[in-house]
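Visitor: Quick one, structure for this:
(one chain, ligands or ions: 1)
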Amino acid sequence: MSNTNIRIEQTQQSRLPAVDFDNLVFGKILSDHMLVAEYSNGNWNEVSIVPYGNISISPSMSALHYGQSIFEGVKAYKLNDGRVSIFRPDQNWERFNKSAARLQMPEVPKEIFLDGLKQLLELDQNWVPSKDGASLYIRPFMFATEAALGVHPSDSYKFIIITGPVGAYYSKPISLKVETHYTRAADGGVGFSKNAGNYALALYPTELAHKEGYDQVMWTDARDHKYIEEAGTANLLFRIGDTIITPHGDTILHGVTRRTIIELADKWGLKTEQRKVSVAELIEGIESGAVTEAFAAGTAATITHISKIGYDGKDYELPPVETREFSNKVFQYLNDLRYGKIEDPFGWNFIV
Ligand SMILES: *Cc1c(COP(=O)(O)O)cnc(C)c1O
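Guide: Residues are numbered from 1 along each chain as shown. Predicted coordinates for the structure are as follows:
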């Protein structure tokens, strides 16, 4: 499918002049246009870019009942020279199709996901904030649209991309509660996919953690609750001695930020390990001083330092944020790269 196959219907009246770019609440302000693609009879048929607005659905639409619903989170930045750049969207496209396959949904071709996104951003490029730290959040998603109550794979799907400006995300260090009762994902399950149900199941345990004074839960393995997996919507990385370590396996979401950080650490000559990390190893390492850095990594904030970890009724404090050489360096480097202040030797910036 070539670019010309996307029908474009421009908005009659842009909502841009009414947007207060100094007071952006995450996810509340959506740009003028959205991309919508329809799948039926085994093919992606209509692809169009239309004004952002409500869509009509059937009450028996299968995604509502049985959860065939997946998404991605991507960001675009305004470069120093005024151009718009999307950060590693090819990675999101690949992961999206892995999620799709696991949930028995059709793959979305590159021409729709990546070329379509590019065309959407060309049209809405003025929605990309230029302030330092700000960006355009991009949300591609797909859901089952068949109107039928039987439990079977839907025969039709909708793929949509919506976008919206988000402000600088100055994340405060967070506290995590090691979760030893509830489970996010089990072996053979859907933990590696960005499907809607993975977020619904986390709400209740997260609320319990909030009530105990923690910001997020730190998920552990479903069987023994002995090994660390990840945080709410971010992966976890630790510096133990001179090694950057991150949990691995199909029960965690393989983040683009996590991968990017590991690639940078490798390039900078640090040792990296993707392996099981037990809660015991972490706690002992904090107590002995071997664990010098702990942070969460994801598209939303890039890096969020972890200040304290609660386990079995006790809190374990991590070293002051100012002393964390690696995570602070990565954060600065990625910031500079994404805004075009430094060279992009890896080809991570996808210029619109
Ligand atoms: C999206 C997400 C991440 C982070 O992935 P990025 O590609 O770095 O944004 C980590 N864990 C979960 C559960 C997620 O949903």
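
Visitor: Assumed Lys98 was part of a helix.
Guide: Yes: under DSSP: H, G, I helix; E, B strand; the rest coil, Lys98 sits within a helix.

Visitor: Show the contacting residues for it.
Guide: 192-193 (C-beta atoms under 8 Å, 6 or more residues apart in numbering). From N, CA and C alone the C-beta is placed, and that goes for glycine too.

Visitor: so how far is Asn92 from it?
Guide: Note on Lys98: its distance to Asn92, by C-beta to C-beta, to the nearest Å, is 11 Å.

Visitor: quick one, phi psi at the spatially most central residue of the chain?
Guide: The centroid of the chain falls nearest to Gly73 when counting by C-alpha atoms, centre = their mean (4.2 Å). Here is the backbone geometry of Gly73 (degrees, to the nearest 10): phi -130, psi 120.

Visitor: Leu208 too?
Guide: phi -60, psi -40.

Visitor: That one: neighbouring residues, count only.
Guide: Residues near Leu208, counting by other C-beta atoms under 10 Å, number 14.

Visitor: do Lys314 as well
Guide: 8.

Visitor: Look up which residues are beta-bridged to it.
Guide: Here Lys314 shows beta-bridge partners Tyr311, assigned using DSSP bridges.

Visitor: What parts of the stretch 251-352 of the chain come near the ligand?
Guide: 253, 255-258, 297-299 (C-beta under 6 Å from any ligand atom).

Visitor: Mind jotting down where the strands sit in the stretch 151-300 of the chain?
Guide: Per DSSP state E, counting those that start in this stretch, the stretch 151-300 of the chain carries strands over the ranges 156-166, 174-178, 216-218, 235-240, 243-246, 271-274, 291-298.

Visitor: Redo those strands as TSV? Include distance to Ala209 and mean neighbour count.
Guide: Below are these laid out as TSV (distance: least, C-beta to C-beta, whole Å; neighbours: other C-beta atoms under 10 Å):
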stretch	distance to Ala209	mean neighbour count
strand 156-166	25	21
strand 174-178	4	21
strand 216-218	5	24
strand 235-240	15	24
strand 243-246	21	21
strand 271-274	26	15
strand 291-298	14	24
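
Visitor: can you list those strands in JSON lines and add mean pLDDT?
Guide: Converted to JSON lines, the strands of the stretch 151-300 of the chain look like this (pLDDT from 0 to 100):
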{"stretch": "strand 156-166", "mean pLDDT": "98"}
{"stretch": "strand 174-178", "mean pLDDT": "97"}
{"stretch": "strand 216-218", "mean pLDDT": "97"}
{"stretch": "strand 235-240", "mean pLDDT": "98"}
{"stretch": "strand 243-246", "mean pLDDT": "98"}
{"stretch": "strand 271-274", "mean pLDDT": "98"}
{"stretch": "strand 291-298", "mean pLDDT": "97"}
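
Visitor: ok, now which ones touch Val128?
Guide: Val128 neighbours (C-beta under 8 Å, 6+ apart): 76-78, 84, 121, 135-136, 165.

Visitor: How about Glu9: what's its closest non-neighbour residue?
Guide: Among residues not flanking Glu9 along the chain, Val50 sits closest, at 4.8 Å (C-beta to C-beta, 6 or more residues apart in numbering).

Visitor: ok, Lys324 - contacts?
Guide: Slight slip there: residue 324 is Arg, not Lys. 239, 292-293, 295, 305.

Visitor: What does it show for phi and psi?
Guide: Torsion angles, degrees, to the nearest 10, at Arg324: phi -90, psi 90.

Visitor: Now rank the residues of the stretch 251-352 of the chain next to the ligand by neighbours and give me the top one.
Guide: Ala297 leads those on contacts (other C-beta under 10 Å) with 28 neighbours.

Visitor: Kindly give the local confidence score, pLDDT, for the nearest residue to it once chain neighbours are set aside.
Guide: Take Ala297 and drop its neighbours on the chain: the residue closest to it by C-beta to C-beta, 6+ apart is Thr257, 4.3 Å away. Note on Thr257: pLDDT of 98.

Visitor: Same check on Asn5?
Guide: Confidence score, pLDDT, at Asn5: 85.

Visitor: So which elements touch the helix or strand containing the residue nearest to Glu9?
Guide: With elements taken from DSSP states H and E, the one containing Val50 is strand 43-51. Here strand 43-51 touches strand 6-8, strand 33-40, helix 110-123, going by 3 or more C-beta pairs under 8 Å, 6 or more residues apart in numbering; DSSP states H and E.
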